[in-house]
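Asks: attaching a predicted model along with its sequence, questions to come.
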Amino acid sequence: MLIQILLILTFTGVLVFSYQQRAYSRLVSFILILAAISGIIFAAVPHLSTYIAQGLGIGRGVDLGLYLYVPISLLLILHLNAKLRRTHVDTTELVRELALLRQKLEQPSK
Amino acid sequence: MGENTDKADLIAKTAIVIPAYNESARIRPVIETLLDRGYLVVVVDDGSSDDTYDVLLGSGAIALQHSVNLGQGAALATALRYLERRPGVEFVVTFDADGQHHPDDIPKAVKALSDSDAEVLLGSRFLGETDNMPTSRLLLLKAATLFTRLTTGLKVTDTHNGFRVIRANQLPRFRLRHNRMAHASEVHDIVKRHNIPYIEFPNRIRYTDETLEKGQRLSGAFAILSDLAFGRLYR
């Protein structure tokens, strides 16, 4: 019972955070909101995950959670990696333009 | 007389670009040699933690400074971007800061490119001379060259040779995206992708303990492969 409350509180926190982050990445926000809502439902009604898992031929609800967790995590890691690279490209461009501007200001005669 | 005029004309149209990272102890003589020969020299201090930039400011070269360390490829790209915007330059030579390239190769290489129909000249230490190259470095470079030949189809004899000459009208094509050492492979990719005519040139490379210290290692080769793989993934 206590773990149910903790899980529901945690997933609710993830839900709120994900909703707040939608301006930065709609895709990540959407996936996390879906995952958080699923988490709240499965924590509140534990038998539901087992029922769905059996319907899908997996067996246990815990396994269903694990199978969903792995691809969602990989997708998020890939997305974050792409974002990181994009940020790095932007940083490079900023540093480059700053270098060119400084040269023009500090060595105008060259 | 005519030959000297041609030589002076080529020198006036040539810019040397040098990426530098923590090279304050070694770069001054390299720059002085090139300036004495009449070249326009552009040096990019890639966020050095020593006083490389101060040395550059007092050297007579055009000094650009990255406020953070980005990598050799990024430093080269900054210099090339600068020269894209600077009129009067027709040939751009990429040159290493540590003195392993030979300044005497520059006029010969520029003349060779100028006399040819090619747009890019790629230095090849395996067509030229190398002093004190360790066997491990030789094997690594041979493997890298084979990789380049297989992945690009270019029949080059060397790769990751920092000595190149590019006609300035080609600079917009050489906007390097790889910040670190993978830029050397990217140069070949660009040549292949745009079907740019190129020639190879036998240049000399002198290895010393210091140049070997900063050069490529096997771990660096894996980093380059990783950069290339991710670069292609997100192209």
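Replies: Okay, I see it.

Asks: what helices and strands are in contact with the longest helix anywhere in chain A?
Replies: Determined from DSSP state H, the single longest helix within chain A is helix A:61-106. Secondary-structure packing of helix A:61-106 (3 or more CB pairs under 8 Å, 6 or more residues apart in numbering or on different chains; DSSP states H and E): helix A:26-44, helix A:46-56, strand B:62-66, helix B:72-84. In this view, the C-beta of every residue, glycine as well, is placed from N, C-alpha and C.

Asks: got CSV for these, with distance to residue B:158, mean pLDDT and mean neighbour count too?
Replies: Listed next are the helices and strands packed on helix A:61-106 as CSV, based on distance: least, CB to CB, whole Å; pLDDT from 0 to 100; neighbours: other CB atoms under 10 Å in any protein chain shown:
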stretch, distance to residue B:158, mean pLDDT, mean neighbour count
helix A:26-44, 44, 91, 17
helix A:46-56, 56, 91, 14
strand B:62-66, 27, 97, 24
helix B:72-84, 17, 96, 24
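
Asks: report the inter-axis angle for the longest helix of chain A versus strand B:62-66.
Replies: 150 degrees (axes from the mean of the first three to the mean of the last three CA atoms, to 10 degrees).

Asks: run the angle between helix A:61-106 and helix B:72-84 for me.
Replies: Using the same axes, to 10 degrees: helix A:61-106 against helix B:72-84 is 40 degrees.

Asks: quick one: mean pLDDT over helix A:61-106.
Replies: On average, the pLDDT along helix A:61-106 is 91.

Asks: and the angle from that helix to helix A:46-56?
Replies: Using the same axes, to 10 degrees, helix A:61-106 lies at 90 degrees relative to helix A:46-56.

Asks: what sits against residue B:197?
Replies: Contact analysis of residue B:197 by CB atoms under 8 Å, 6 or more residues apart in numbering or on different chains lists B:116-120.

Asks: any stretches of chain B with poor pLDDT?
Replies: Chain B contains residues with pLDDT under 70 at B:1-2, B:210-235.

Asks: which helix runs longest in it?
Replies: Chain B, longest helix under DSSP H: helix B:135-152.

Asks: what's in contact with the following helix or strand past that one?
Replies: With elements assigned by DSSP states H and E, the helix or strand that comes after helix B:135-152 is strand B:164-167. Identification of contacts with strand B:164-167 by CB under 8 Å, 6+ apart yields B:80, B:90-94, B:109-110, B:113, B:119-123, B:174, B:187, B:201.

Asks: go on, stretch A:81-97?
Replies: A:25, B:66-68, B:70, B:74, B:77-78, B:81, B:177, B:179, B:230, B:234.

Asks: about what we covered before: among the contacts of strand B:164-167, name the ones in strands.
Replies: B:91-94, B:120-123, B:201 (DSSP state E).

Asks: residue B:47: which of those residues is nearest?
Replies: residue B:94 (18.9 Å; CB to CB).

Asks: rewinding a little: report all helices and strands that the longest helix of chain B contacts.
Replies: strand B:120-131, helix B:183-193, helix B:218-233.

Asks: quick one, that helix and strand B:120-131 angle?
Replies: Going by the same axes, to 10 degrees, helix B:135-152 makes 160 degrees with strand B:120-131.

Asks: mind checking how far helix B:135-152 is from the chain centre?
Replies: Here helix B:135-152 is found 18 Å from its chain centre; the criterion is CA atoms, centre = their mean, to the nearest Å.

Asks: list the buried ones in that helix?
Replies: Within helix B:135-152, the residues scored as buried using 16 or more other CB atoms under 10 Å in any protein chain shown are B:137, B:140-141, B:144-145, B:147-148, B:152.

Asks: for these, give me JSON lines that also has distance to residue B:61.
Replies: Shown next, in JSON lines, are the buried residues of helix B:135-152 (distance: CB to CB, whole Å):
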{"residue": "B:137", "distance to residue B:61": "29"}
{"residue": "B:140", "distance to residue B:61": "31"}
{"residue": "B:141", "distance to residue B:61": "29"}
{"residue": "B:144", "distance to residue B:61": "30"}
{"residue": "B:145", "distance to residue B:61": "32"}
{"residue": "B:147", "distance to residue B:61": "34"}
{"residue": "B:148", "distance to residue B:61": "31"}
{"residue": "B:152", "distance to residue B:61": "33"}
